[in-house]
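1. Need coordinates for the below:
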Amino acid sequence: MTAAPAPFTAADHRARMERAARSAAEAGLAGLLVAPGPDLVWLTGYAPPADTERLTLLVLTPGQDPVLVVPALEAPDAARAVGAPALTLRDWTDGRDPYAVTAPLLDPDGRYGVSDNTWAMHLLGLQRTLPGTAYASLTDALPMLRAVKDPAELERLAAAGAAADAAYEEILRVPFAGRRETDVARDLADLLRAHGHSRVDFTVVGSGPNGADPHHEAGDRVIEDGDTVVLDFGGLKHGYGSDTSRTVHVGEPDAEERKVHDVVREAQEAAFRAVRPGIACQEVDRAARAVITEAGYGEHFIHRTGHGIGVTTHEPPYMVEGEELPLVPGMCFSVEPGIYLPGRFGVRIEDIVTVTGDGGRRLNDTPRDLAVVH
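-> Here you go, the predicted structure:
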């Protein structure tokens, strides 16, 4: 197993916060308000309890030092965060109004970008305290905030992709026929952890007719000889995501199953070839969809072609019709067309792709053929 990458430093987090504040100003925002979640971890290195109901809020204002509003009982942990040297901590104790503590940090008439997972009660509390303020979700206001990865982030994403590939190579050697989907899903999760994943986010195992449900939860169905099986799995390694899909067949496939798989493979290749700097995200979706539509399966491709990936396994940008954001070197996203025939079977092939200076580079390298398992 390869050595862990060097950890991010206080300087890395300071640069991210400065860049985020500049981006807010360029977007016409008075600043950014970031609640606990992936944006806060990415910006500061601080991960407070995910289920805390107490207000924790990073306030980023262009031209001013970042301030983290934090409950007093959690201030010691916040002070130990990697990015803490670049932060001013403003704590509040139980019994005080946290919105009154936060209000002096904000422009009473400003419009702020707010992280998407901010609790409604906190946003409403700020609106009640500062009725002149307005808010926009970060996905709408700054969709590119985390979209372009630096070399250290790309290194982590590549390592996560390689680990997922290793898990796939090993899962091909386990028995499928006669076992439940949940058994294979458990094998996949164990393999991801064995190859360095700290968290497993999903292990889709869709056998036979269940493969026609793109987000099928592995269940008690016993996998049978003759089944097509969609495998989609991923999680976090070194804090960055993996996500890959391959479709396998229990025993030799028939002509139609091979044909559908070939169409999806051609669509995935067409979408990958479309990746290059400057084109709109929707062009990647269009390239895949054109192949599947021409083959007569257009109505059975029922989801977008891809989603961004980074510190979460689903984030902007999205490869979908109507998304006109241009591709930029350093963007990372899935390319995952599929065909789903209700009541029969499904096929999906997925790689993570990063945009390079003149095209794209896959971060998943396992064969895209229809593998035969037993």
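2. In terms of residue numbering, what are the domains of the chain?
-> Per automatic domain parsing, the structural domains of the chain span 10-141, 151-373.
3. Nearest to Ala3, out of these?
-> domain 151-373 (9.9 Å; Cβ to Cβ). In this view, the C-beta of every residue, glycine as well, is placed from N, C-alpha and C.
4. now the closest one: how far from the chain's centre is it?
-> Remark: domain 151-373 is offset 13 Å from the chain centroid, using Cα atoms, centre = their mean, to the nearest Å.
5. distance between the ends of it?
-> End-to-end distance of domain 151-373 (Cα to Cα, to the nearest Å): 37 Å.
6. again with stretch 355-371
-> Counting by Cα to Cα: the opening and closing residues of stretch 355-371 are 28 Å apart.
7. Need the nearest residue in space to Ala81, chain neighbours excluded.
-> Leaving aside its sequence neighbours, Ala81 sits nearest to Tyr46 (Cβ to Cβ, 6 or more residues apart in numbering; 3.6 Å).
8. roughly how far apart are the one you found and Leu87?
-> 8 Å (Cβ to Cβ, to the nearest Å).
9. quick one: low-confidence parts of this protein?
-> Scanning the chain for pLDDT under 70 picks out 1-2.
10. rerun at 90
-> 1-4, 49-52, 83-84, 215 (pLDDT under 90).
11. ok, the residue of the chain positioned farthest from its centre to Asp51 distance?
-> Residue farthest from the centre of the chain, counting by Cα atoms, centre = their mean, is Gly95 at 37.2 Å. Noted for Gly95: a distance of 21 Å to Asp51, by Cβ to Cβ.
12. and what of His303?
-> Distance, His303 to Asp51, by Cβ to Cβ: 30 Å.
13. Of the two, give the one with the bigger neighbour count.
-> Here His303 and Asp51 are compared on neighbour count by other Cβ atoms under 10 Å; more neighbours surround His303, at 15 against 6.
14. how about that one, what does it touch?
-> By Cβ atoms under 8 Å, 6 or more residues apart in numbering, the contact set of His303 is 214, 338.
15. could we number from 34 for the rest of this?
-> All right, first residue 34 from here; so that's His336.
16. tell me the secondary structure for it?
-> coil (DSSP: H, G, I helix; E, B strand; the rest coil).
17. ranges for the strands of the stretch 234-383 of the chain?
-> 261-270, 273-274, 277-283, 339-341, 348-352, 365-368, 371-374, 378-381 (DSSP state E, counting those that start in this stretch).
18. Just put those strands in TSV and tack on distance to Pro242 and mean neighbour count.
-> TSV is the format used below for the strands of the stretch 234-383 of the chain (distance: least, Cβ to Cβ, whole Å; neighbours: other Cβ atoms under 10 Å):
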stretch	distance to Pro242	mean neighbour count
strand 261-270	10	25
strand 273-274	29	26
strand 277-283	14	24
strand 339-341	25	24
strand 348-352	27	24
strand 365-368	24	28
strand 371-374	9	23
strand 378-381	7	26
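19. Now Arg219. Nearest residue, chain neighbours left out?
-> In space, and not counting its chain neighbours, Arg219 is closest to Thr236: 7.7 Å by Cβ to Cβ, 6+ apart.
20. hey, what's that neighbour bridged with?
-> Phe266 (DSSP bridges).
21. Run through the residues that contact the residue nearest to Gly267 when sequence neighbours are not counted.
-> Leaving out its chain neighbours, the residue that sits closest to Gly267 by Cβ to Cβ, 6+ apart is Asp276, at 3.7 Å. Taking Cβ under 8 Å, 6+ apart, we find Asp276 in contact with 197, 265-267, 342, 346, 367, 383, 385.
22. Equivalent analysis for Arg49, please.
-> 75-76, 116.
23. now Leu221
-> 200, 204, 233, 236, 238, 264, 266.
24. returning to what we had before: list residues touching both of Tyr79 and Leu120?
-> 101, 111, 114.
25. What helix or strand is the first one located in?
-> The secondary structure element spanning Leu101 is strand 100-104 (assigned by DSSP states H and E).
26. can you give me the offset of that strand from its chain's centre?
-> For strand 100-104 - counting by Cα atoms, centre = their mean - the centre lies 26 Å from the chain centre.
27. Buried ones in whichever helix or strand comes after that strand, by neighbour count?
-> Where DSSP H and E defines the elements, the next helix or strand beyond strand 100-104 is helix 108-112. Buried positions in helix 108-112, judged by neighbour count with 16 or more other Cβ atoms under 10 Å: 108, 111.
28. Not counting residues beside it along the chain, what's closest to Gly355?
-> Nearest residue to Gly355 in three dimensions, chain neighbours excluded: Gln315, at 6.2 Å (Cβ to Cβ, 6+ apart).
29. quick one on the thing from earlier: save the domains of the chain as TSV, and put in distance to Ala37 too.
-> TSV is the format used below for these (distance: least, Cβ to Cβ, whole Å):
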stretch	distance to Ala37
domain 43-174	15
domain 184-406	6
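30. Please work out which of these is packed deepest.
-> Among the domains of the chain, domain 184-406 has the highest mean neighbour count (mean count of other Cβ atoms under 10 Å), at a mean of 20.
31. Look up phi and psi at the residue farthest from the centre of the chain.
-> Backbone torsions of Gly128, given as degrees, to the nearest 10, read phi 100, psi -20.
32. From Pro310, how far out is it?
-> The gap separating Gly128 from Pro310 is 53 Å, by Cβ to Cβ.
33. Same question for Ala108.
-> Counting by Cβ to Cβ - Ala108 and Pro310 are separated by 43 Å.
34. same check, this time on Ala196
-> Where Pro310 is concerned, Ala196 sits at a distance of 28 Å (Cβ to Cβ).
35. repeat for Asp402
-> Asp402 is 30 Å from Pro310, by Cβ to Cβ.
36. ok, now which ones touch the residue nearest to Gly355?
-> Residues counted as contacts of Gln315 (Cβ under 8 Å, 6+ apart) are 352-357.
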